[in-house]
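A.B. asks: Predicted structure and sequence below. I'll ask about it afterward.
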Amino acid sequence: MSNNPQDQKFKKWLDILQQESWQLELIISGFAIYGLFTIIGPIELANQEAQNDGNVYRVFLMQGLQISWYILTINLLAHVILRGLWIGAIGLRYVSGEIDYDSLNYSPKFKRHLLKRVGSFDNYVAVLEKYCSIIFAVTFLLVFYLLGLLLIAFIFTLLGLMIAKDENSAWLRYGIGIPVIIFLSIGTVLTFIDFATQGWLKKKKWTTFFYYPIYWLFKYLTLSFLYRPMVYNFLDTKFGKRLSMIIVPLYIGLSILAATGFSISNFIEKDMASNSFTANAKNYNDQIAKNNLFADKASIPSKIIISSYLDVFVVFGSSIEDDVFFFKKELKPDKDRRGIFSRVFSDGNIPWQEKGKQIEEYMTTLEDMYKISIDSTAFKPKFVVTQNDQDQLGLQTVLDLSDIPKGKHVLSVARKDHRDEEIYTRVIISFPFWYQPQAMELSTTIY
């Protein structure tokens, strides 16, 4: 069959496909909903991991996938429910036909009201059909809108990182970076105005001369060239225009509703960060494994320690290496290899003898930066690089508890930091634990 839009056979085939599209919609929605509920767990886990690693690029990707998940799930569930109602209405029409208002024997006032507001049953079926088809189309249109928004945000982030990086030359940072950000900011605002007003900037002749170049560029930056025909086909009807005005406030309302909770205290919350009187699950390895979490800054095996030593894991954050370079400037390489890389274009490895010496100096600097304390007793850490059970990169050390009395204690992890040239020490995390060595003896005796 020819796929020429002017071919009558092709048009007839499209008309038939249009009438039977509800079957494809239900099949796609069913499989999509099943798949969505299957993948949300790994997406949330990957998002937490990216946030803990400070991987800006992966955070953008995972958060975009999360928001897309919510859009797809809400819309497809609504579509399946309305389609089910539509199929039920079709089946009822086969059995009962049209609504016979005379047989209901209502008073004239109610009959007039129902005739005006309810109307014919066929009209009800047609409205359901229209809403089902529109919701299905809008679902994927919204995902494309989100992808465009994330792409713009990603570009702004890359430009911001380029400007913030001191290694880049001044002409690159200020001569190119800032003008591009200003231009993109103006273009983003104008594109949003045109989107929110349903094409107002395209309707005026006096706006065409400055908006057309921006429109041409942003159709690629927002990926709108992939879905523009659907947008214009959606907006060329009154129903489509009214629905497009409702979509944004509707999702804002749903976001506010999703953020609504219930508090039982003015001071205590379920997910409070750890301190001397709060024990967050993200700082205890057994709770981290049980609840599928990631360690927050540091962790120990459990809230109750029964052995004579304490295994401390300190998460390696993305900003730690900048401090290492500040305190040990000779370790700073000529070319910073952090960030996105490709093994295909690798420029070779440092000879092992030289690299081993650098790593030794690197670890010594790290150990000098950190101070680990139990209450007022300070320990000088001896770190090894390792990964925990959640594959987080970090530093591990073991503390001797032989001189620590039984009972509640507070573990504090502090690190040297700097503000300009001023050096100071700050506590990055504190959390309580109980040292109860007799628990091991009791368990051995009972056994």
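C.D. replies: Done, it's in. The structure presented is a predicted model; accordingly, all values stated were derived computationally and were not measured.

A.B. asks: per the record, what domains does the chain have?
C.D. replies: By the assignment in automatic domain parsing, the chain contains the domains 8-258, 281-333+351-446.

A.B. asks: Now distance to Glu269 and mean pLDDT too, for these, in CSV please.
C.D. replies: Every C-beta, even on glycine, is put in place using the N, C-alpha and C of the backbone. Below are these laid out as CSV (distance: least, Cβ to Cβ, whole Å; pLDDT from 0 to 100):
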stretch, distance to Glu269, mean pLDDT
domain 8-258, 18, 82
domain 281-333+351-446, 13, 87
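
A.B. asks: how about the ones you listed in JSON lines, adding mean neighbour count and distance to Ser274?
C.D. replies: Output for the domains of the chain, formatted as JSON lines (neighbours: other Cβ atoms under 10 Å; distance: least, Cβ to Cβ, whole Å):
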{"stretch": "domain 8-258", "mean neighbour count": "14", "distance to Ser274": "15"}
{"stretch": "domain 281-333+351-446", "mean neighbour count": "15", "distance to Ser274": "4"}
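
A.B. asks: Compare the ones you listed and report which one is nearest to Ile264.
C.D. replies: Among the domains of the chain, domain 281-333+351-446 comes nearest to Ile264, with 18.5 Å by Cβ to Cβ.

A.B. asks: quick one: the helices in the stretch 101-250 of the chain?
C.D. replies: Under the criterion DSSP state H, counting those that start in this stretch, the stretch 101-250 of the chain contains helices at 101-104, 108-117, 121-164, 170, 178-196, 200-203, 205-221, 228-235, 238-258.

A.B. asks: and of those, who's closest to Ile429?
C.D. replies: Taking the helices of the stretch 101-250 of the chain one by one with Cβ to Cβ, helix 121-164 is closest: 25.9 Å.

A.B. asks: Centroid-nearest residue for the chain?
C.D. replies: Gln63 (1.6 Å; Cα atoms, centre = their mean).

A.B. asks: just checking, it is part of a strand?
C.D. replies: No. Counting by DSSP: H, G, I helix; E, B strand; the rest coil, Gln63 is not part of a strand but helix.

A.B. asks: which ones are touching it?
C.D. replies: Gln63 makes contacts with Asn47, as judged by Cβ atoms under 8 Å, 6 or more residues apart in numbering.

A.B. asks: can you check Gln287 too?
C.D. replies: Counting by Cβ under 8 Å, 6+ apart, Gln287 touches Ala281, Leu293, Ser302, Lys303.

A.B. asks: How about Asn168?
C.D. replies: With Cβ under 8 Å, 6+ apart, Asn168 has these contacts: Met162.

A.B. asks: if we go to 10 Å?
C.D. replies: By Cβ atoms under 10 Å, 6 or more residues apart in numbering, Asn168 lies in contact with Leu161, Met162, Tyr174, Ile176, Gly177.

A.B. asks: wait, doesn't the second one sit right on Arg173?
C.D. replies: Yes. Taking Cβ atoms under 10 Å as the definition, Met162 is a contact partner of Arg173 at 6.7 Å.

A.B. asks: and the closest residue to Leu85 other than its chain neighbours, how far is that from Leu82?
C.D. replies: Using Cβ to Cβ, 6 or more residues apart in numbering and skipping residues adjacent in sequence, the residue nearest Leu85 is Leu128, 6.1 Å away. Distance of Leu128 to Leu82, given as Cβ to Cβ, to the nearest Å: 6 Å.

A.B. asks: what sits in contact with each of the two?
C.D. replies: Common contact partners of Leu128 and Leu82 (Cβ under 10 Å, 6+ apart): none.

A.B. asks: doesn't Asn388 make contact with Ile300?
C.D. replies: No. The pair Ile300 and Asn388 does not pass the contact test of Cβ under 10 Å, sitting 11.2 Å apart.

A.B. asks: list residues touching both of these two?
C.D. replies: Taking Cβ under 10 Å, 6+ apart as the contact rule, Ile300 and Asn388 both touch Asn285, Phe313.

A.B. asks: how about the helices of the stretch 101-250 of the chain, which one is nearest Thr73?
C.D. replies: Among the helices of the stretch 101-250 of the chain, the nearest to Thr73 by Cβ to Cβ is helix 121-164 (9.6 Å).

A.B. asks: after that closest one comes which helix or strand?
C.D. replies: Next along the chain after helix 121-164, taking DSSP states H and E as the criterion, comes helix 170.
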